[in-house]
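Visitor: predicted model, plus sequence, below.
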Amino acid sequence: MKIIVVCAAGMSTTMLVAKMKEATRNSDMKIEVTAIPETDVNNNITTADVVLLGPQVRYKLDEIKEICSPLNIPVEVIDTVKYGMMDGNAIVSQAIELYHNK
């Protein structure tokens, strides 16, 4: 499963992706986590299984859903508290749930 985290190209997303990768180490699923700036969504979305938006780009939710919907890729904004706590486990769980419920 490939998770793409859409951000505003900030440092916090890089740290979050590292925490998410750490959370996937013991998973039975093969999970890849990548961060991209919101300006690169059109160029990178076709390889995603799940797209998560950082809270700082939540205003792009409708636009990104419009791009992902024809591809059957679920999109959701990461909870602000989980993002702020850098809770990689909870955010990976969110992505897995989205993936299984699509």
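Guide: Looks like it arrived, so ask away. Numbers count the residues shown, from 1 in each chain.

Visitor: show me where the protein has strands.
Guide: Under the criterion DSSP state E, the chain carries strands at the ranges 2-7, 32-37, 50-53, 75-77.

Visitor: of the ones you listed, which is nearest M15?
Guide: Nearest to M15 among those is strand 32-37 (10.0 Å), distances taken as Cβ to Cβ. Just so you know, the C-beta spots here come from the backbone N, C-alpha and C atoms, and that holds for glycine as well.

Visitor: of all the strands of the chain, which lies closest to E66?
Guide: Across the strands of the chain, closest to E66 is strand 75-77 (Cβ to Cβ), at 9.5 Å.

Visitor: list the helices and strands the closest one packs on?
Guide: Judged by 3 or more Cβ pairs under 8 Å, 6 or more residues apart in numbering; DSSP states H and E, the packing partners of strand 75-77 are strand 50-53, helix 61-68.

Visitor: quick one: strands adjacent to the shortest one?
Guide: When you say that, I think you mean strand 50-53. Strand 50-53 pairs in its sheet with strand 2-7 (parallel), strand 75-77 (parallel), by DSSP bridges.

Visitor: nearest to Q56 among those strands would be which one?
Guide: With Cβ to Cβ as the criterion, Q56 lies closest to strand 2-7 of the strands paired with strand 50-53, at 6.9 Å.

Visitor: as PDB, could you dump the C-alpha coordinates of the closest one?
Guide: Output in PDB follows, covering the C-alpha atoms of strand 2-7 (Å, rounded to 0.1, in the frame of the first residue of the first chain):
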ATOM      1  CA  LYS A   2       1.300   3.400  -0.900                       C
ATOM      2  CA  ILE A   3       0.400   6.400   1.300                       C
ATOM      3  CA  ILE A   4       1.000   9.900   0.000                       C
ATOM      4  CA  VAL A   5       1.000  12.700   2.500                       C
ATOM      5  CA  VAL A   6       0.200  16.000   0.900                       C
ATOM      6  CA  CYS A   7       1.800  19.000   2.500                       C
END
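
Visitor: for V17, find the nearest of the strands of the chain.
Guide: Using Cβ to Cβ as the measure, strand 32-37 is the one of the strands of the chain that comes nearest V17, at 4.7 Å.
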